[in-house]
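> Just to be clear, the model below is a prediction. Sequence and coordinates:
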Amino acid sequence: MSCLIQIGDVNASGAPNNFGYMSVDIDLSVQQCSNIQITIDDGTNIIAQTIVNGVSGTFVQNVALNKAVRCDENILVKVTCLDDPQCHAAEQTAVLCSAPTCCIPLSISHMDRGCVGTTTFRSIEFTITGTVTDPACLPYVLQIEFGDGQPGQSHPITATGPFTIVETHDYDTSPSTSFLAQVKHVLHPDCPKQDIRLSFDNCMMDCCPAITNTSVVVNDCEPDCFRTVTLKTEYLQYQSPCSAATLGWEIFDKDGVFVDDSGPISTGVVGPHHYDSIPLDPDGSPYKAILKTTFPLDCLDHEINFDVPICSQAPKCPEDLKLTHEDLGCEQDASGQCRRKIRHTVSGKVFSGCGPSSTDTEFVADLDQNKSWSFAESGSSNGSTFTKSTTEYYSGSGPINTSVSVSNPAGCIAIATNTVSFSECKASDCEEIPPEDPIDCILCKWCSDLIADAMQGRPLWRINLKIIICCLLIVIMALAVGVKIWSVFNCGNIPGINSTSLTGQVLDDVLNYFTLGVLIGLILLFCNICCVYCGVVGGILWGIVLVVLQWVTSGSLPQCWLLSNSGANLFFQFLNGGLMYLVGAIILAIGLRLACLELRSNI
């Protein structure tokens, strides 16, 4: 026969304290096991754990608790066989108690003694009567819990027979006028508490502020096309024994979003009170203004709903208006005449209007010699700076007088003037200057230009020969750099070529850093640094093409595209990988390009 454990009733044991019972008796049946462990859990903590040795059959085991339990409280009892841990039992059960014999029937009444002076407290007198018949129930202790967080006195009863308890308590009626008081049987927690429901009027005067009238005035448009409102509050000053009330306006837009508040208003100050709001956007209409009382509590709010009409306002006149010029020298105009070219620039700050009257600010400029210029600018409510330019051709010599003024909005007196002095342009001043070559590297254009500049006065065949040598070296370098990038992506190998073969060894020698350095030196000897740039860029593009072709044909990136197969750790493997090598080549190309641009600017 195998081990078997069964758990029966769990009964409260011993005399209770104020919190309940500190031990329980457990009915157990244990077969084929001599040593057991009993664990009791109240759902939050383990409140008992004990080992019992030499058990057998059916018996009652008393277990001391480290936390009191109440009658009918649910607990979890676990019993485990220490001889065979696989043998165990668990039972969720309620604590059983013997029927209480000392729950004395009570008669409870209360009397309202009225308000305590001019305070907010109301005095209530409680009377409890009953009879103790069993001397075993003594001493008997009753206590009133008043329901406002305040416990009453403990009333001990030490003799049998009838008893009467009288106790008075003052309730603060300002937070509430309803309470639930209870009479507690202190030494007999099994006895149910008896409820006393209280409800009465408060003892406080109506100290809410006496608001006699509220009104709103929507004011004229502000420069930003918003409007302020003025809220007027009329009230009576507070009367003793009340204190001054504190209230305040809160404004919300049509979406219920808080917009502004007045801050505290005290009825201790002679009214009426006027509150000017911040400028309000007409788009937020309709607005709601709520007058709330923050002291005392539970006073009624007052509401006003109002609209903010849309403003119709022309833009404000521009500010900081300036007219300047820049002499761009002599230049042929569209008719082929050599004339003076002047760039005129107007700057300043413009503003926006609102509503139907809102328009752009329009300007008109008199640029002399029958030249005029008109333009418009849009602004913002706080002002937006602008700069506008135009160019004109002028015959003869200066000075000329220019001006700019405001044509809209009407009535703006802002004007800016400028005097432009210049000399007359001659035909020789407009000789055509050949345009600069575009900055590119196609067909070694930079190389050939720089070589030609450096060999002025020498025979043409020598120039052409040097250009041919330069371009040939660039092509060789581009091929070498491209294959080098490809080989680094492939861990130093070239796909399809045995590295130990003669061809593989020759390519390895050609692609090493020494050979690339010799190529750079030869290009610098026969050409210049711009040509080195061309070779490196060509090599980068050629290397990328080779890697992409390998990726497309094989279906996967080369083995060492990110990490090389050599290096002490991942960091050094990343530095030796193909991607980092390509990034280094691109950085080199950027540096060479900047050096080339500097070289061209100094020729």
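Yep, that arrived. Note that the structure is a prediction, hence the values are computed from the model and not measured.
> all strands in the stretch 251-400 of the chain, in order from the N-terminus.
258-261, 265-266, 273-276, 287-295, 302-306, 319-332, 338-350, 361-366, 372-377, 384-394, 400-408 (DSSP state E, counting those that start in this stretch).
> Please name whichever of those is nearest to residue 8.
strand 287-295 (62.6 Å; Cβ to Cβ). Bear in mind the C-beta positions are built from the backbone N, C-alpha and C, glycine included.
> List the strands paired with the closest one, with their directions.
In the sheet, strand 287-295 lines up against strand 246-252 (antiparallel), strand 302-306 (antiparallel) (DSSP bridges).
> quick one: secondary structure of the closest residue to residue 179 other than its chain neighbours?
Excluding the flanking residues, the one nearest residue 179 by Cβ to Cβ, 6 or more residues apart in numbering is residue 147, at 3.9 Å. Secondary structure, DSSP: H, G, I helix; E, B strand; the rest coil: residue 147 is coil.
> so how far is residue 297 from residue 147?
Here the criterion is Cβ to Cβ, to the nearest Å. By it, residue 147 lies 20 Å from residue 297.
> So which of those two has more stuff around it?
The residue with more neighbours, out of residue 147 and residue 297, is residue 147; 18 against 10, by other Cβ atoms under 10 Å.
> Residue 80 - nearest residue in space that isn't next to it in sequence?
residue 88 (4.2 Å).
> check contacts around residue 17.
When contacts are counted by Cβ atoms under 8 Å, 6 or more residues apart in numbering, residue 17 touches 68, 189.
> from here on, count from 51
I'll keep to 51 as the first residue from here, and by that count the last item is residue 67.
> Make sure I have this right: it is in a strand.
No. Counting by three-state DSSP, residue 67 falls outside a strand, being coil.
> quick one: it from residue 76, how far?
Counting by Cβ to Cβ, the gap from residue 67 to residue 76 is 20 Å.
> tell me which element residue 265 falls in.
strand 261-271 (DSSP states H and E).
> Tell me the confidence at the residue nearest to residue 92 when sequence neighbours are not counted?
Of all residues not flanking residue 92 in the chain, residue 125 sits nearest, at 5.5 Å (Cβ to Cβ, 6+ apart). As predicted, residue 125 sits at a pLDDT of 92.
> that older thread, mean pLDDT added to the strands of the stretch 301-450 of the chain, as TSV?
Below are the strands of the stretch 301-450 of the chain laid out as TSV (pLDDT from 0 to 100):
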stretch	mean pLDDT
strand 308-311	94
strand 315-316	92
strand 323-326	94
strand 337-345	93
strand 352-356	94
strand 369-382	91
strand 388-400	93
strand 411-416	92
strand 422-427	91
strand 434-444	92
strand 450-458	91
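> Which among these is found nearest to residue 586?
Residue 586 sits nearest to strand 369-382 of all the strands of the stretch 301-450 of the chain, at 38.8 Å, using Cβ to Cβ.
> Which neighbouring elements make contact with the closest one?
strand 388-400, strand 434-444, strand 450-458, strand 465-470 (3 or more Cβ pairs under 8 Å, 6 or more residues apart in numbering; DSSP states H and E).
> relative orientation of that strand and strand 388-400 in degrees?
160 degrees (axes from the mean of the first three to the mean of the last three Cα atoms, to 10 degrees).
> Next one: the residue positioned nearest the centre of the chain from residue 334, what distance?
Centroid check for the chain by Cα atoms, centre = their mean gives residue 307 as the closest residue, at 20.0 Å. Applying Cβ to Cβ, the value for residue 307 to residue 334 is 8 Å.
> so which helix or strand takes in residue 522?
Residue 522 belongs to helix 510-539, assigned by DSSP H and E.
> Flag every buried residue along that helix.
For helix 510-539, burial by neighbour count (16 or more other Cβ atoms under 10 Å) applies to 513, 516-517, 519-521, 523-524, 526-539.
> got it, and stretch 426-438?
Quick answer for stretch 426-438 (16+ other Cβ under 10 Å): 427, 429, 431, 433, 436, 438.
> count of neighbours near the residue lying closest to residue 132 once chain neighbours are set aside?
In space, and not counting its chain neighbours, residue 132 is closest to residue 85: 4.2 Å by Cβ to Cβ, 6+ apart. Residue 85 is flanked by 15 other residues according to other Cβ under 10 Å.
> now swap in residue 411 and tell me
28.
> Okay, and the beta partners of it?
In beta-bridge terms (that is, DSSP bridges), residue 411 pairs with residue 427.
> The strands paired with strand 337-345 into a markdown table, with extra columns for mean neighbour count and distance to residue 454?
What follows is these, written out as a markdown table (neighbours: other Cβ atoms under 10 Å; distance: least, Cβ to Cβ, whole Å):
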| stretch | mean neighbour count | distance to residue 454 |
| --- | --- | --- |
| strand 296-302 | 19 | 44 |
| strand 352-356 | 14 | 44 |
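> Helix, strand, or coil at residue 646?
helix.
> tell me the SS of the nearest residue to it once chain neighbours are set aside?
Closest residue to residue 646 apart from its sequence neighbours, by Cβ to Cβ, 6+ apart: residue 580 at 3.9 Å. When classified by three-state DSSP, residue 580 comes out as helix.
> Residue 580: neighbour count?
23.
> Now do the helices in the protein.
495-504, 510-539, 552-561, 563-576, 579-604, 620-625, 628-651 (DSSP state H).
> Any idea how far the second one is from the middle of the chain?
Centroid displacement of helix 510-539 relative to its chain, using Cα atoms, centre = their mean, to the nearest Å, is 56 Å.
> what's the answer for stretch 316-331, then?
Centre-to-centre, stretch 316-331 and its host chain are 35 Å apart (Cα atoms, centre = their mean).
> From one end of it to the other, what's the distance?
29 Å (Cα to Cα, to the nearest Å).
> which outside residues touch it?
Residues contacting stretch 316-331 (Cβ under 8 Å, 6+ apart): 259, 269, 272, 274, 276-288, 294-297, 299, 301, 303, 309-310, 312, 315, 337, 358.
> Please indicate which of those residues are buried?
259, 272, 274, 276-279, 281, 283, 285, 288, 295-297, 299, 301, 303, 309-310, 312, 315, 337, 358.
> about what we covered before: how far away is the residue nearest to residue 646 from residue 643?
Taken as Cβ to Cβ, the span from residue 580 to residue 643 is 9 Å.
> Who are the contact partners of the residue nearest to residue 229?
Residue 197 is in contact with 229-232, 248, counting by Cβ under 8 Å, 6+ apart.
> Count the neighbours of the nearest residue to residue 207 once chain neighbours are set aside for me.
The shortest distance from residue 207 to any non-neighbouring residue, by Cβ to Cβ, 6+ apart, is to residue 190 (4.2 Å). Residue 190 has 22 neighbours, counted by other Cβ under 10 Å.
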